[in-house]
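*Asks:* Starting from these lines, generate the structure:
(one chain, ligands or ions: 1)
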Amino acid sequence: MSAMRQAAVRRAVRNGLAGQSRTHHVTRVGLVSGSAPGHTNELPVRTMPIAFGKITFLHLAVTTCFCGGFRNDSNPGDNPNIPAIAKYFSTKGRYEEVNPHLIEDILAVNASILQPPSEQCRRVHLTAIIRHGTRYPTSKNIKKMQTLYEVVRRKASGEESWLREIQTQWTMWYKEDMDGRLVQKGVDDHKHLAVRLSKLFPSLISEEKLRGGFVKFITSSKHRCVNSTLSFKAGLTELWAITDEEFDHAVNDALMRFFDQCTRFVHEVDNNPAALSEVDKFKQGPEMRRVTEKIADRLRVPYSDITDDMAEAAFYLCAYEFAIKTVNSPWCRLFDEVDAQVLEYANDLKQFWKRAYGHDINSKSSCILFHDAFSRLDNAASEIRLGKQVTEAVTVQVGHAETLLPLLTLLGFFKDSDALTSTNYATQAQRSFRTSHMLPYAANLLLVLYDCGGGELRLQPLLNEKPMTFPGLTGTPVPLYEDVKDHYRALLLGCDFETECQLFRGRA
Ligand SMILES: O=P(O)(O)O[C@H]1[C@H](OP(=O)(O)O)[C@@H](OP(=O)(O)O)[C@H](O)[C@@H](O)[C@H]1OP(=O)(O)O
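*Replies:* Modelled structure (predicted):
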């Protein structure tokens, strides 16, 4: 693309010119191969043509004047290509289900939600903590899917078209060595997120800032995270047609996989089955039993063939076929909405007790990430106060659902009055702790620091590109940075990772 055309593209993105519509077919991004040699489904190391699709500036103009919050009424019932139960897929859900406006335009942003707190305020720093993009199932779940497929293939009987499709057309294509690796949709998740964030924060995520070394990248060592980081960078380099420079990223598991290194969490939760007793009780309880019996009835197999694990495997088959291939799989026909809500709750129970409010150490294990985020914000704040340029304008940190959730918990987000337990499902229908809304693939927590002049700094949190308010700080949508620090003073003064993660902490 000529320099003149690049400038025109950049101007159009910046100015949101309506009426101009350009299609930029960008190609090539090299990814880290993570699979066993010869795996047909693995993203190849060699570069691969990824058509960026259409960057339509017309949409930019339309969406920037799109008022109010995003539409959450994707109403999949109207769209036969979207499973009616897609909004219950928990951490196996697509990003588009929490931002349905992206279904029609994956690059659409709603800049109006990001109006600065006042005319004087300008954005000076952005920290983005992002879950990797869409991935294959883990080998643990692929084994369960394979077992279920054999039961259905060999024992199910019935004339329903969806059953015949499973038994005669659908093939078990998942292989154990896929084990959670990033898929092509996951590459696109991060490329598109990068472009949307560059449109939302053009003064921070810009070619100039990227080339100037003001944008830092940190990632978990897992393939899905490294490849998501490469994809995020590719989204920017392709947008700006940068071919003469590459940009580093740091692999830092102490930050992005802190849960592996917190001894007390590993001992008291990760390696302790009793820590998830509420999950186990729910999976053996009446709600789940009704689901497994209904599935067995639909398949006309004995109740003993469809355990809670088999029901979960069927649910995951529906979710992965949709997330990876965007197909409304025949596996989805095994569930009605009530069944899906029960399976969603089982997932939420796992996340609640393993990564969130269920055990205090779950959130305290994220102290290292909490302090890292605030030290970056403090550095930016002091450079602003000294009248200097902010040396780290943007930090992009790629991790897991279990990176984000403990931090969100530590900050007090999505806390209900009652804990999720094996016995209160019926009263938790309106709970705020719902991972389907919080943690899809590519879920992202953004912390935006504003300089409003006269030493006034403000901090805005966003989750999945939607503004939030810090729990307990509801006076203003974008509070003073000092008020936020006051609010979290105890954590800022304490929350010492080494102390919290000591095995026999505080015991004689
Ligand atoms: O049920 P699976 O095996 O998929 O659980 C995964 C985690 O996936 P999630 O429960 O979040 O959907 C996976 O988190 P991710 O963000 O990396 O996808 C995690 O890394 C993996 O270890 C499994 O978690 P588990 O708690 O060990 O089951």
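
*Asks:* Stretch 198-217: how far from the chain's middle?
*Replies:* Between the centre of stretch 198-217 and the centre of its chain there are 21 Å (C-alpha atoms, centre = their mean, to the nearest Å).

*Asks:* before we move on, what about stretch 470-480?
*Replies:* The mean C-alpha position of stretch 470-480 is separated from the chain mean by 24 Å, C-alpha atoms, centre = their mean.

*Asks:* Report the buried residues of it.
*Replies:* 470, 473, 478, 479, 480 (16 or more other C-beta atoms under 10 Å). The C-beta positions use only the backbone N, C-alpha and C, and glycine is treated the same way.

*Asks:* Which residue, neighbours along the chain excluded, lies closest to the last one?
*Replies:* The shortest distance from residue 480 to any non-neighbouring residue, by C-beta to C-beta, 6 or more residues apart in numbering, is to residue 458 (5.8 Å).

*Asks:* just to revisit the earlier point, in JSON lines: the buried residues of stretch 470-480, plus distance to the ligand.
*Replies:* Output for the buried residues of stretch 470-480, formatted as JSON lines (distance: C-beta to the nearest ligand atom, whole Å):
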{"residue": "470", "distance to the ligand": "24"}
{"residue": "473", "distance to the ligand": "28"}
{"residue": "478", "distance to the ligand": "29"}
{"residue": "479", "distance to the ligand": "29"}
{"residue": "480", "distance to the ligand": "33"}
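
*Asks:* could you dump those residues to a markdown table with secondary structure and pLDDT?
*Replies:* Converted to a markdown table, the buried residues of stretch 470-480 look like this (DSSP: H, G, I helix; E, B strand; the rest coil; pLDDT from 0 to 100):
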| residue | secondary structure | pLDDT |
| --- | --- | --- |
| 470 | coil | 97 |
| 473 | coil | 94 |
| 478 | coil | 95 |
| 479 | coil | 96 |
| 480 | strand | 97 |
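
*Asks:* List the buried residues in the strand or helix carrying residue 209.
*Replies:* Assigned by DSSP states H and E, residue 209 belongs to helix 207-211. In terms of neighbour count (16+ other C-beta under 10 Å), helix 207-211 has its buried residues at 207, 209, 210.

*Asks:* can you give me the helices for the stretch 201-350 of the chain?
*Replies:* 207-211, 223-239, 253-256, 258-261, 263-265, 277-283, 286-299, 308-325, 337-355 (DSSP state H, counting those that start in this stretch).

*Asks:* packing partners for the second one?
*Replies:* I take that to be helix 223-239. Secondary-structure packing of helix 223-239 (3 or more C-beta pairs under 8 Å, 6 or more residues apart in numbering; DSSP states H and E): helix 184-200, strand 215-219, strand 394-399.

*Asks:* Could you check the angle that helix makes with strand 394-399?
*Replies:* 150 degrees (axes from the mean of the first three to the mean of the last three C-alpha atoms, to 10 degrees).

*Asks:* Can you show me the CA trace of helix 223-239 as CSV?
*Replies:* Backbone C-alpha positions of helix 223-239 (Å, rounded to 0.1, in the frame of the first residue of the first chain) are rendered in CSV as follows:
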residue,chain,number,x,y,z
HIS,A,223,1.2,-21.4,23.3
ARG,A,224,-2.3,-20.0,23.2
CYS,A,225,-1.1,-16.8,25.0
VAL,A,226,2.1,-16.4,23.0
ASN,A,227,0.2,-16.8,19.7
SER,A,228,-2.5,-14.5,20.9
THR,A,229,0.2,-11.9,21.6
LEU,A,230,1.7,-12.4,18.2
SER,A,231,-1.8,-12.0,16.7
PHE,A,232,-2.5,-8.8,18.7
LYS,A,233,0.8,-7.3,17.4
ALA,A,234,-0.1,-8.5,13.8
GLY,A,235,-3.4,-6.7,14.1
LEU,A,236,-1.5,-3.5,14.5
THR,A,237,1.3,-4.0,12.1
GLU,A,238,-1.2,-5.0,9.4
LEU,A,239,-3.4,-2.1,10.1
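
*Asks:* how many neighbours does residue 491 have?
*Replies:* 18 (other C-beta atoms under 10 Å).

*Asks:* which residues does it contact?
*Replies:* 367, 370, 410 (C-beta atoms under 8 Å, 6 or more residues apart in numbering).

*Asks:* And it, how close does it get to the ligand?
*Replies:* 24 Å (C-beta to the nearest ligand atom, to the nearest Å).

*Asks:* which SSE is that residue in?
*Replies:* Residue 491 belongs to helix 489-493, assigned by DSSP H and E.

*Asks:* which strands and helices sit next to the helix holding residue 209?
*Replies:* Helix 207-211 packs on no helix or strand, going by 3+ C-beta pairs under 8 Å, 6+ apart.

*Asks:* Which pLDDT value does the model give residue 79?
*Replies:* We have a pLDDT of 82 for residue 79.

*Asks:* re earlier: show me which of the contacts of residue 491 is closest to the ligand.
*Replies:* Proximity of the contacts of residue 491 to the ligand (C-beta to the nearest ligand atom) peaks at residue 410, which lies at 17.4 Å.

*Asks:* I'd guessed that closest one sits against residue 373; true?
*Replies:* No. Contact between residue 410 and residue 373 fails when scored by C-beta atoms under 8 Å: they sit 10.4 Å apart.

*Asks:* Need the pLDDT of the residue nearest the centre of the chain.
*Replies:* By C-alpha atoms, centre = their mean, the chain has its centre lying nearest to residue 443, at 2.1 Å. Note for residue 443: predicted pLDDT of 99.

*Asks:* Quick check, it in contact with residue 129.
*Replies:* No. The criterion here is C-beta under 8 Å, and residue 443 misses it with residue 129 at 9.2 Å.

*Asks:* Show me what secondary structure element comes after the lengthiest strand in the chain.
*Replies:* Identified as the longest strand of the chain according to DSSP state E is strand 122-131. As assigned by DSSP H and E, the chain's next helix or strand after strand 122-131 is helix 139-155.

*Asks:* What residues sit buried inside stretch 166-184?
*Replies:* 166, 167, 170, 174, 175, 178, 179, 180, 181, 182, 183, 184.

*Asks:* follow-up on the earlier one: which residues touch the residue nearest to the centre of the chain?
*Replies:* 95, 98, 130, 131, 401, 404, 463, 464.

*Asks:* now with 10 Å?
*Replies:* 91, 93, 95, 98, 129-132, 400-401, 403-405, 408, 435, 437, 463-464 (C-beta atoms under 10 Å, 6 or more residues apart in numbering).
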